[in-house]
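Asks: pasting the structure only:
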């Protein structure tokens, strides 16, 4: 694989610039890379640079990361939607060259680059292995055989790493025939060589266990660890026959690794414990999935793992080993084999020797708390049970409590009292005892949503009053920050159970902690307040069998505290390492979205948020923080602007400079957000719009503005805002033809067809038929042409909604006449083939109301459907209307459960530029049928009026064409609304 040296030099220069502290140089390099990425051969150049020994290691590493991500995005996938620009895939020739050279280049690369190329290989193999990459596994097996024959353990490791990346796909995949065929191929080719490498390397290690040195042992332990990783992957879906036949060989070596002690210097290196941790992962897999086959080995492995946890160690990998070992014991404790732990002595030993030692804060916990607060919070509070010893230890207790509830409750209750007594005896030096006691209670007390053996170990009210509240109200609130953090975590975990009055009385104390100098403490305080404000209580609706979820805390509850909370959050964002703290910004967003803020605080917080946005524009590196920042801006604009429209000029003066900077400097990550904020400001404005807005309207109507798919949904919202304010402007400067040109472009891709329909709906909602009439044929032609090749339910439903909108806004005659103008009788054809069969699949309260009312208008007002020849179509249409309205009742309760979606559900996980909707910037959908309170009543009263004009005509049609179940539903509706069809 030859790549021109000057190409590699240019690439290396771009990657060097992409790491520059100068934002302009960095952005220029990123744009150069993005432009080059579209050219054939770019992936080969990246691979060439990653494997070029004459270039700087940093540039090579950056190239390997870019190469890996490029393959993840653009390697051809068999399930790719042909509609969506297959040209974005890597060229077939590039893919073939990559497959021919990637493995060999991976084997000779430095370790850091090797890791990236392994992941790149896995990304390509996910689509092509094995059917389109038949040479890959045989090449790995052949090279493994050569290395094994030569006794070259270091040479086996990159091969095993490549295989481990290849087989990881079997861990997290749906079990189906295709994946089992691929697994069988992998087992047939690799299971026996894997066992051979494993046994050979293990025997080599055991033979020299007492004398082996650290440099010699590292490749050996790594080889065995990789074998264990591959073992896990190949056994993840089912127990393969080969592994069942050779289970004794594997288990014998596994037990040896767990029970053999190596020289102290070697143990201190951590490699033995890393291997043991991988073994414990395999034991847990077998315990969870293949208990019957594994039970013969269970007792000896429980003893071996227990012995490991009892043994002291200074290994840097001991923490991870302890987590995996405890997880294995937890799985056993939760199984039918829990009797292994049933004796009082065993239970006490678990509590005293496993749980309590691993529950107390360790030195590395304190170092993480002080040195890397983000990682500490992720481990401690964001559900990473597998990552922390204390959470793993508590899960073991919960597992035991599932079968030994009373014994565990008694042991833990005594332990909590003992810890609290130790703290009371020496508060200054024994604060960790109180911390551990609170942690135990958090982990084991029964609470909503708890899993495992939720066990009441103390009187909750007494514990809350005597242990938690004093820490919140202590005068030395800056002391013992780790203890304060745990207290705040307690509040967050039990927020639902804290009475509303009590929670509000604690808010001033918690608000004080927002300015605590510890990043963890003020983050936990912000998290508690934010979580408190989203609690919803289930409320029974009087008189009907329906429940609804209503917010527990509303503006009136939070208003007395809002100003202080906002000010303290603003101060906290100035604390070092919290300049871009997502927990603080999320809390600020929530408070601004609920409370009624007014006066000077609005000016101050708007200026503060704009200042932060100006700063992050220099380097948008924290997507969660930035999302919540824009949500906070949208919230303050929406809430304060709604109460005081006179604030609009203030918002415009503050926001226009930074929003224009985002567009002018092409800060692409923020474009979708900027357009949504612009839409919010336009919605608040009154016509005539200012010159600034009209200039923006001109930019909006340019086709080039719509070339970025992630921005399209935001642009449609902005267009909608403009059309609501200045619909008649479309008559000027050929603006409507421009919009329709953009519409056709959006309609041509399935990824943007939603936005195409949103644009059409916006036009019909806001523009008179006089303006639309010259272009309506063009719209139908585009839609029906697309319908010929795109008959997915989603597309057809969108078409039915749009046609219903035309009926409601312009009348049934306009819809029928304009469609039939394309081709005679086309409307009836569309109705029979698409509208009637798909009507019952419409979802969404407004959409159901719109389509049912429009369909009712058609059968009651349209001459085309009232024609005698259309009687069967009329009856089928009515059948679909009744089916839709009957199903909408069942969907209502589920919709209620889904109404809790909020700004947090929109958070991003990385920085690919994508559209993320701002919840607080969204204007609620307009109900175009406000005069229709109940679509069911509208249906039966319309039918009653129609049938009264032609008595006896429609009864037989209904009898012949309406499904019996729907006929019964229709009779019930008529009775409910005291109407009849005569």
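Replies: Looks like it arrived, so ask away. This structure is a prediction, so every number in the text was calculated from the model and none was measured.

Asks: Residue 515 and residue 564 touch, don't they?
Replies: No. With contacts defined as Cβ atoms under 8 Å, residue 515 does not count as touching residue 564, sitting 10.3 Å away. C-betas here are computed from N, CA, C, even on glycine.

Asks: Which one's more surrounded, the two?
Replies: The residue with more neighbours, out of residue 515 and residue 564, is residue 515; 19 against 14, by other Cβ atoms under 10 Å.

Asks: what's the pLDDT at the more buried one?
Replies: pLDDT for residue 515: 96.

Asks: secondary structure class for it?
Replies: Of the three states, residue 515 takes coil under DSSP: H, G, I helix; E, B strand; the rest coil.

Asks: dump the residue contacts of it.
Replies: Shown here is residue 515, whose contacts under the criterion Cβ atoms under 8 Å, 6 or more residues apart in numbering are 522, 568, 571-572, 575.

Asks: 10 Å instead?
Replies: Neighbour list for residue 515: 477-478, 521-522, 525, 567-572, 574-575 [criterion: Cβ atoms under 10 Å, 6 or more residues apart in numbering].

Asks: contacting residues for residue 26?
Replies: Residue 26 sits in contact with 17-20, 618-619, where contact means Cβ under 10 Å, 6+ apart.

Asks: If we use 7 Å, what do you get?
Replies: In this structure, residue 26 makes contact with 17-18, 20, judged by Cβ atoms under 7 Å, 6 or more residues apart in numbering.

Asks: how far away is it from residue 614?
Replies: 18 Å (Cβ to Cβ, to the nearest Å).

Asks: same check, this time on residue 677
Replies: Residue 677 is 14 Å from residue 614, where distance means Cβ to Cβ.

Asks: And residue 173, by the same measure?
Replies: When Cβ to Cβ is applied, the distance between residue 173 and residue 614 equals 45 Å.

Asks: out of the two, which sits in the more crowded spot?
Replies: When residue 173 and residue 614 are compared for neighbours, residue 173 comes out ahead with 15 against 12, by other Cβ under 10 Å.

Asks: Secondary structure of that one: a helix, I assume?
Replies: No. Assessed by three-state DSSP, residue 173 does not belong to a helix; its assignment is coil.

Asks: nearest residue to it other than its sequence neighbours?
Replies: residue 179 (5.4 Å; Cβ to Cβ, 6 or more residues apart in numbering).

Asks: Got phi/psi on the one you found?
Replies: phi -70, psi -30 (degrees, to the nearest 10).

Asks: Would you state the predicted confidence (pLDDT) at it?
Replies: pLDDT recorded at residue 179 is 90.

Asks: Wait, it touches residue 167, no?
Replies: No. The pair residue 179 and residue 167 fails to qualify as a contact (Cβ atoms under 7 Å) at a distance of 11.6 Å.

Asks: contact partners of stretch 680-696?
Replies: Judged by Cβ under 7 Å, 6+ apart, the contacts made with stretch 680-696 from elsewhere in the structure are 634, 637-638, 641, 645, 648, 651-652, 656, 678, 718, 721-722, 725-726, 921, 923.

Asks: Can you select the buried ones from the residues you listed in ChimeraX?
Replies: The following ChimeraX selection, which keeps only the buried ones among these, applies the criterion 16 or more other Cβ atoms under 10 Å:
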select :634,637,638,641,651,652,656,678,718,721,722,725,726,921
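
Asks: and the contacts of stretch 680-696, which of them are in helices?
Replies: Residues of these located in helices (DSSP state H): 634, 637-638, 641, 648, 651-652, 656, 678, 718, 721-722, 725.

Asks: got CSV for those, with pLDDT too?
Replies: Conversion of the ones in helices among the contacts of stretch 680-696 to CSV gives the following (pLDDT from 0 to 100):
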residue, pLDDT
634, 96
637, 95
638, 92
641, 88
648, 93
651, 95
652, 95
656, 95
678, 96
718, 94
721, 92
722, 93
725, 91
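
Asks: Once you drop chain neighbours, what's closest to residue 596?
Replies: residue 555 (5.1 Å).

Asks: Skip ahead from the worst-scoring helix or strand of the chain on mean pLDDT and say which helix or strand is next.
Replies: Across the helices and strands of the chain, mean pLDDT, DSSP states H and E gives its lowest value to helix 871-898, namely a mean of 77. With elements assigned by DSSP states H and E, the helix or strand that comes after helix 871-898 is helix 935-949.

Asks: What lies in contact with the helix or strand following that next one?
Replies: Beyond helix 935-949 in the direction of the C-terminus, DSSP H and E gives the next helix or strand as helix 954-961. Where contact means Cβ under 7 Å, 6+ apart, the residues beyond helix 954-961 that reach it are 871-872, 874-876, 878-879, 947, 967, 981.
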